[in-house]
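> Sequence and predicted structure are below.
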Amino acid sequence: MEVMKNSRKQLVASVIFVLVLFYIPLSIFSILDPIDFLALQSIRKSLDDMPGSNFFSSWDFTSDPCNFAGVYCEADKVIALNLGDPRAGSPGLSGRIDRAIGNLSALAELSIVPGRVMGYLPQTLSQLKNLRFLAISKNFISGEIPSSLVELRRLQTLDLSYNQLSGSIPPAIGTIPSLSNVIMCHNHLTGSVPPFTSQTLTRLDLKHNNLAGALSPSSLPPSLQYLSLSSNRLSGPVDRLLARLNRLNYLDLSLNRFTGSIPGVLFTFPITNLQLQRNFFAGRVKPLDQVRITTVDLSYNRFSGEISSLLSTVQNLYLNNNRFTGEVPGSFVDRLLAAGIEILYLQHNYLTGIEINPTAEIPSSSSLCLQYNCMVPPAQTTCPIKAGIVKTRPTTQCAKWKG
């Protein structure tokens with residue numbers, strides 16, 4: 001009898017042990033919300049691996065979707081979706097973005113790596129109220145930017161660069177309060193640059209579009225650190241606007257139609273690279289103090305007057321194709337001979353002289369070009385091919401700009 005009781009106890013213990021084994025996995029792994037599950041299925045059907053990519057190889061819907069490549073879950077919801085292999089040189093994905101993506105209600109991060117994803121941005125993106133990071137770049141997304149994106153009030157990063165987007169930038173996007181990075185460069189966007197009111201905006205990159213019109217003095221917040229509007233058709237003065245952006249460390253306004261002067265205070269900002277070339281800026285260039293910027297490009301504008309000696313501390317200085325007059329300050333010569341200047345392009349101005357010994361040896365690491373000024377340049381100067389072969393301006397032109 002005692003043996004039978006012990007056998008029963010062992011059997012019960014064994015059953016409990018087996019039940020515990022089955023219970024543990026069920027308690028650890030939560031079941032994905034059915035709506036999210038169906039959304040992932042729709043997304044998978046609308047996208048494919050490009051030849052050489054195997055990103056979707058783990059997307060087997062008989063297993064837990066939270067273990068799929070690029071899928072990150074919290075409890076029973078998808079919170080991040082990174083579509084495609086992010087490694088450099090990976091082939092990427094093709095297809096279209098399914099509107100079911102808007103059903104992932106807890107999604108905070110969405111990215112699609114470079115590939116051949118086409119079609120429009122689905123309007124349902126506006127349903128992702130928790131979205132903080134949206135990056136769909138270097139694909140073939142076309143159509144207009146949905147104005148409904150303004151409903152993403154928690155959005156911090158918006159990167160739609162290197163696509164084929166057209167139409168204007170919805171003005172309401174500039175009112176999203178948490179925006180810190182807006183990158184829409186290399187598209188076909190038209191219209192004007194809308195005002196951005198977010199006081200956390202640090203990066204705005206809209207280069208290589210077809211944007212036009214003027215910028216109002218208060219259109220951009222002083223929080224900006226990186227601003228690139230290059231290769232558009234923007235116009236009008238920017239001196240009052242730039243004077244407010246004292247946190248800039250990178251500024252590129254090149255290849256536009258901006259006019260007017262540039263504020264001297266701009267040269268005191270913590271900028272490492274200043275690109276203002278190929279505009280219609282005019283007037284004198286008057287820094288307030290010794291310039292600590294590594295590269296300054298003011299070429300192909302209408303700047304005039306004498307060159308400030310405060311610019312002699314710039315490592316790469318492009319002042320060519322302007323209307324500068326007078327002699328080159330001696331501080332430039334000193335810095336040049338000491339290899340403190342790598343590039344000093346002064347060609348195509350109305351400069352009248354430079355005090356440099358004809359026998360002085362300019363370091364091989366430095367380039368000086370004085371072609372086509374109102375003087376005969378030293379024989380040692382080296383110029384780019386596009387500077388031309390004519391060394392001196394006609395005297396009739398020099399007489400007009402004398403002094």
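Alright, I've got the coordinates. On a predicted model such as this, the values are computed, not experimentally measured, just so you know.
> residues making contact with stretch 321-330?
298-309, 312, 346-355, 370, 401-403 (CB atoms under 8 Å, 6 or more residues apart in numbering). From N, CA and C alone the C-beta is placed, and that goes for glycine too.
> in stretch 304-322, what counts as buried?
304, 306-308, 310-314, 316-322 (16 or more other CB atoms under 10 Å).
> cool, stretch 184-201 as well?
Result for stretch 184-201 [16+ other CB under 10 Å]: buried residues Met184, Cys185, His186, Asn187, Leu189, Ser192, Val193, Phe196, Ser198, Leu201.
> so the fourth one makes contact with Gly167?
It refers to Asn187. No: using CB atoms under 8 Å, Asn187 is not in contact with Gly167; the gap is 9.6 Å.
> what residues are shared contacts of those two?
Shared contacts of Asn187 and Gly167 (CB under 8 Å, 6+ apart): none.
> Give me the below-cutoff pLDDT ranges for the stretch 201-350 of the chain.
For the stretch 201-350 of the chain, no stretch has pLDDT under 70.
> can you map out the helices along it?
Taking DSSP state H, counting those that start in this stretch as the criterion, the stretch 201-350 of the chain contains helices spanning 239-244, 330-337.
> Columns mean neighbour count on top of those helices, output as CSV?
Below are these laid out as CSV (neighbours: other CB atoms under 10 Å):
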stretch, mean neighbour count
helix 239-244, 17
helix 330-337, 18
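> any chance of the ones you listed in a markdown table, with distance to Gln156 too?
Supplementary listing: the helices of the stretch 201-350 of the chain in a markdown table, determined by distance: least, CB to CB, whole Å:
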| stretch | distance to Gln156 |
| --- | --- |
| helix 239-244 | 23 |
| helix 330-337 | 42 |
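> so which of these gets nearest Thr259?
helix 239-244 (9.8 Å; CB to CB).
> mind listing the strands for the stretch 1-150 of the chain?
Remark: strands assigned in the stretch 1-150 of the chain by DSSP state E, counting those that start in this stretch are 47-49, 71-74, 77-83, 93-96, 109-112, 116-119, 133-136, 140-144.
> Tell me the helices and strands packed up against the longest one.
Counting contacts by 3 or more CB pairs under 8 Å, 6 or more residues apart in numbering; DSSP states H and E, strand 77-83 packs against helix 34-46, strand 71-74, strand 109-112.
> can we see that at 7 Å?
Applying 3 or more CB pairs under 7 Å, 6 or more residues apart in numbering; DSSP states H and E, one finds that strand 77-83 makes contact with strand 71-74, strand 109-112.
> got the contact list for it?
Residues from elsewhere that reach strand 77-83 (CB atoms under 7 Å, 6 or more residues apart in numbering): 33, 36, 47, 70-73, 93, 104, 106-113.
> just the helices and strands packed on strand 77-83: most buried one?
Comparing these by mean neighbour count (mean count of other CB atoms under 10 Å), strand 109-112 comes out on top with a mean of 20.
> Do you know the pLDDT at Leu19?
Per-residue pLDDT puts Leu19 at 36.
> still on that earlier bit, any idea which of the helices of the stretch 201-350 of the chain gets closest to Asn139?
Nearest of these to Asn139, taken as CB to CB: helix 239-244 at 32.4 Å.
> is it true that Val238 touches Phe258?
Yes: with contact defined as CB atoms under 7 Å, Val238 counts as touching Phe258 (5.5 Å).
> Tell me which of those two has more neighbours.
Ranked by neighbour count (other CB atoms under 10 Å), Val238 and Phe258 place Val238 first, with 29 against 22.
> follow-up on the earlier one: do you know which of the helices of the stretch 201-350 of the chain lies nearest Met118?
Here helix 239-244 is closest among the helices of the stretch 201-350 of the chain (CB to CB), at 36.8 Å.
> which strands and helices sit next to the closest one?
By 3+ CB pairs under 7 Å, 6+ apart, helix 239-244 packs against no helix or strand.
> Look up how far Thr268 lies from Ala70.
Actually, residue 70 is Gly rather than Ala. 45 Å (CB to CB, to the nearest Å).
> er, Pro51 I mean
53 Å.
> quick one: which of those two has more around it?
Taking other CB under 10 Å, Pro51 and Thr268 do not tie; Thr268 has more neighbours (16 against 7).
> That one contacts Val291, doesn't it?
No: with contacts counted by CB under 7 Å, Thr268 stays clear of Val291, the gap being 8.4 Å.
> ok, back up a step: now go through the buried residues of stretch 184-201 and say which are in helices.
Judged by DSSP state H, helices contain none of the buried residues of stretch 184-201.
> Those residues: which two are farthest apart?
His186 and Ser198 (22.5 Å).
> unless I'm mixing things up, Ser367 is touching Ile343, no?
Yes: contact status for Ser367 versus Ile343: in contact at 5.0 Å, counting by CB under 7 Å.
> Got phi/psi on Glu151?
The phi and psi values for Glu151, taken as degrees, to the nearest 10, are phi -70, psi -10.
> and it, how far is that from Gly305?
Taken as CB to CB, the span from Glu151 to Gly305 is 51 Å.
> cool, and Gly115?
51 Å.
> Over to Ser63?
Distance from Ser63 to Gly305, by CB to CB: 72 Å.
> Next: Arg87.
Going from Arg87 to Gly305 by CB to CB gives 52 Å.
> residue contacts, Gly392?
Rather than Gly, residue 392 is Thr. Counting by CB under 7 Å, 6+ apart, Thr392 has contacts Tyr372, Met375, Val376.
> Repeat the analysis, applying 8 Å as the threshold.
Tyr372, Asn373, Cys374, Met375, Val376, Pro377.
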